[in-house]
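Sequence first, predicted coordinates after that:
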Amino acid sequence: MVDPAFVQTMARYNSWQNRSLMAEADLLGDEARRLDRGAFFKSIQGTFNHLLWADEIWLHRLIGTDKPAISGRDSPIYVKDWAEFCARRNERDAAIETWADTVEPNWLRGTLIWYSGAAGRELGKPRAFALMHMFNHQTHHRGQIHAMLTAAGARPGDTDLLLVDEPR
């Protein structure tokens, strides 16, 4: 069941995993991060960028922050500079955690309505369901990043949700 504790746990998990994967990606260097590795968003950096773009879209839908100026199709090239990307990723993770701390049970029972560029129309879904999607989307693409990092010789840490509050 999606409740405020679930949302808060998943927000912490998102931040923890992003920090871990960015630290490993940082060791690879720019060329290795941008190398086309045959993934849907091509590279490690392209997939990281897509995740940042998607999280900014969800923050826009959830709390009204600025919407990214580019489409999802262009999300792999969203932030070109790695240091700028990392700073922005950390800021967005903090924003997601701060927002998660405000979620109330009654709010989760409502409906989230937004315009979907991918669907080309307005969508409405139960808020709890939309949040499950958001967190599942993050986990899915981080799994791709983890696999690409491993294939590149990096040693990303554990990804088990059960370890989210454990020291690495």
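Sure thing, it's come through.

pLDDT below threshold where in the protein?
Along the chain, segments meeting pLDDT under 70 span 166-168.

residue boundaries of the helices in the chain?
With helices called from DSSP state H, the chain shows them at 4-28, 30-34, 44-63, 82-100, 105-108, 127-151.

out of those helices, deepest packed?
Comparing the helices of the chain by mean neighbour count (mean count of other CB atoms under 10 Å), helix 44-63 comes out on top with a mean of 21. Using the backbone N, CA and C atoms, a C-beta is placed for each residue, glycine as well.

Give me the distance from it to the chain's centre.
Using CA atoms, centre = their mean, to the nearest Å, we find the averaged C-alpha position of helix 44-63 to lie 6 Å away from the chain's own average C-alpha position.

Then stretch 13-21?
Relative to the mean C-alpha coordinate of its chain, stretch 13-21 is positioned 9 Å out (CA atoms, centre = their mean).

now swap in stretch 56-65 and tell me
Average the C-alpha atoms of stretch 56-65, do the same for its chain, and the two points are 13 Å apart (CA atoms, centre = their mean).

now what about it, what contacts it?
Residues from elsewhere that reach stretch 56-65, judged by CB atoms under 8 Å, 6 or more residues apart in numbering: D66, K67, P68, G72, R92, A95, I96, W99, L112, W114, A130, M134.

redo that, cut-off 6 Å
Contacting residues not belonging to stretch 56-65 are listed as K67, P68, W99, W114, M134 [CB atoms under 6 Å, 6 or more residues apart in numbering].

returning to that earlier point: present the helices of the chain as a markdown table; the columns should include distance to R121.
Converted to a markdown table, the helices of the chain look like this (distance: least, CB to CB, whole Å):
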| stretch | distance to R121 |
| --- | --- |
| helix 4-28 | 27 |
| helix 30-34 | 34 |
| helix 44-63 | 15 |
| helix 82-100 | 26 |
| helix 105-108 | 24 |
| helix 127-151 | 16 |
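
Any idea which of these gets closest to D165?
Taking CB to CB as the criterion, D165 comes closest to helix 4-28 out of the helices of the chain, the separation being 7.3 Å.

among the helices of the chain, which is nearest G157?
If we rank those by CB to CB, the stretch that ends up nearest is helix 4-28, at 4.7 Å.

Pull the distance from that closest one to the chain's centre.
Computed by CA atoms, centre = their mean, the chain-centroid distance of helix 4-28 equals 8 Å.

Next, the angle from it to helix 44-63.
For helix 4-28 against helix 44-63, the angle by axes from the mean of the first three to the mean of the last three CA atoms, to 10 degrees is 150 degrees.

Done for today, thanks.
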